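Participant: sequence plus the predicted model coming up.
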Amino acid sequence: MTASPYHFFDVHVLRTEFVTPAMIRVALGGDGLAGMASAGRDQRIKVFLPHPGQDAPVMPDTTGENAANWYADWCALDPDVRGIMRTYTTRELRRDPDELIVDFAVHGPAPSPFDGPATSWARSALPGARIGVLAPVDEENGAYEFRPPQDTDWVLLAADESALPAIAAILETLPPATPTRVWIEVHDLADKLELPTKADAEITWLTEEGATPSAIQAAELPSGTPYAFVAGEAATVKAVRRHLVRDRDFDRKRICFSGYWRKGTTTDELIDRNETA
């Protein structure tokens with residue numbers, strides 16, 4: 001039996017900080033983190049959060065052979081009791097000491113009508129608070145999408161705040177001098193982050209929700225063979241992809257697109273329908 005490329009980790013909060021008014025950075029520690037791996041880029045992980053009043057998320061048995069059936073076993077648990085599952089990006093996996101860094105997008109000061117379970121948890125998380133994480137144990141794994149072919153001449157990145165951690169990590173991994181054009185939607189310019197990169201990156205910050213398709217339509221793009229990574233609200237992602245294919249003649253196979261969320265629909269509703277955004 002082939003060992004799973006993903007393991008469950010019991011981790012706890014080390015510290016939290018606001019890196020912008022709309023982003024909370026949570027540093028997580030745990031005895032098993034030495035075995036966690038990351039490909040960088042848009043590395044996905046699953047986090048499992050406790051309900052209010054719980055000391056840790058309630059999970060099925062994820063040890064040994066039971067780990068292969070974790071999702072069905074998790075679904076079988078009472079939704080009002082089981083750990084609250086959300087998908088996030090590994091912003092950074094640090095060593096010496098081992099720390100998992102996860103950025104949580106929030107919408108301004110609390111309380112906010114837009115707060116979901118993960119946002120509420122991040123706002124109130126104190127050192128020692130326990131959560132569960134499903135993460136890879138091999139750097140090469142299937143839980144990331146940014147995979148530009150070797151013949152890529154330039155890169156297009158488009159995202160909103162929900163995908164900002166992925167964009168930040170991707171920019172850090174791009175080869176030096178790679179021509180890169182980036183569009184990022186934030187609620188306010190105060191939410192801009194420093195985005196270190198060795199790429200030749202031109203970054204445009206937008207403050208109007210859903211403005212990305214129009215901004216890209218009006219832009220002069222580099223020549224050569226492109227590769228695009230587009231992530232964020234599902235309808236905006238779809239509109240950008242449609243423009244790139246229909247109007248810019250992008251090869252569909254050279255566009256990685258992911259709806260991280262869907263306006264008017266909660267993550268729990270998508271899970272209940274066995275969908276993703």
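Facilitator: That came through, no problem.

Participant: I'd guessed residue 197 sits against residue 174; true?
Facilitator: Yes: if you go by CB atoms under 8 Å, residue 197 and residue 174 touch, sitting 6.0 Å apart. (Glycine included, C-beta is placed from N, CA and C.)

Participant: which residues do the two both contact?
Facilitator: Residues touching both residue 197 and residue 174 by CB atoms under 8 Å, 6 or more residues apart in numbering: residue 180.

Participant: in which helix or strand would I find residue 235?
Facilitator: Under the criterion of DSSP states H and E, residue 235 resides in helix 234-246.

Participant: pull out the buried positions in that helix.
Facilitator: 234, 236, 237, 239, 240, 241, 243, 244 (16 or more other CB atoms under 10 Å).

Participant: contacts only, for the fourth one.
Facilitator: Okay, so that is residue 239. The neighbours of residue 239, taking CB under 8 Å, 6+ apart as the test, are 210, 212, 213.

Participant: try it again with 10 Å
Facilitator: By CB atoms under 10 Å, 6 or more residues apart in numbering, the contact list for residue 239 reads 210, 212, 213, 214, 216, 217, 230, 233.

Participant: nearest to residue 121, of those?
Facilitator: Nearest to residue 121 among the contacts of residue 239 is residue 233, at 21.7 Å by CB to CB.

Participant: can you list the strands that the helix or strand that comes right after the helix holding residue 235 pairs with?
Facilitator: Once the chain leaves helix 234-246, the next helix or strand it forms, by DSSP H and E, is strand 255-261. Paired with strand 255-261 in the same sheet, following DSSP bridges, are strand 226-233 (parallel).

Participant: what angle do the partner strand and helix 234-246 make?
Facilitator: Strand 226-233 and helix 234-246 meet at an angle of 160 degrees, taking axes from the mean of the first three to the mean of the last three CA atoms, to 10 degrees as the criterion.

Participant: tell me how far strand 226-233 lies from the chain's centre.
Facilitator: 13 Å (CA atoms, centre = their mean, to the nearest Å).

Participant: pLDDT on that strand, on average?
Facilitator: Average pLDDT, strand 226-233: 97.

Participant: quickly run through the sheet partners of the biggest strand by length in the chain, with directions.
Facilitator: Looking across the chain with DSSP state E, the single longest strand is strand 6-20. Here strand 6-20 is paired, per DSSP bridges, with strand 23-29 (antiparallel), strand 130-136 (antiparallel).

Participant: can I get that strand as PDB, trimmed to CA atoms?
Facilitator: Extracted in PDB, the C-alpha atoms of strand 6-20 (Å, rounded to 0.1, in the frame of the first residue of the first chain):
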ATOM      1  CA  TYR A   6      -0.600  14.000   2.900                       C
ATOM      2  CA  HIS A   7      -0.600  13.700   6.700                       C
ATOM      3  CA  PHE A   8      -2.700  15.300   9.500                       C
ATOM      4  CA  PHE A   9      -0.900  17.500  11.900                       C
ATOM      5  CA  ASP A  10      -2.000  18.700  15.400                       C
ATOM      6  CA  VAL A  11      -0.700  22.300  15.600                       C
ATOM      7  CA  HIS A  12      -1.200  25.200  18.000                       C
ATOM      8  CA  VAL A  13      -1.000  29.000  17.700                       C
ATOM      9  CA  LEU A  14       2.400  30.500  18.500                       C
ATOM     10  CA  ARG A  15       1.500  34.100  17.700                       C
ATOM     11  CA  THR A  16      -0.700  36.300  15.500                       C
ATOM     12  CA  GLU A  17      -0.300  39.700  13.900                       C
ATOM     13  CA  PHE A  18      -2.100  42.000  11.500                       C
ATOM     14  CA  VAL A  19       0.200  42.400   8.500                       C
ATOM     15  CA  THR A  20      -2.400  44.700   6.900                       C
END
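
Participant: tell me which residues of that strand are tucked away?
Facilitator: For strand 6-20, by 16+ other CB under 10 Å, it's 6, 7, 8, 9, 10, 11, 13, 14, 16, 20.
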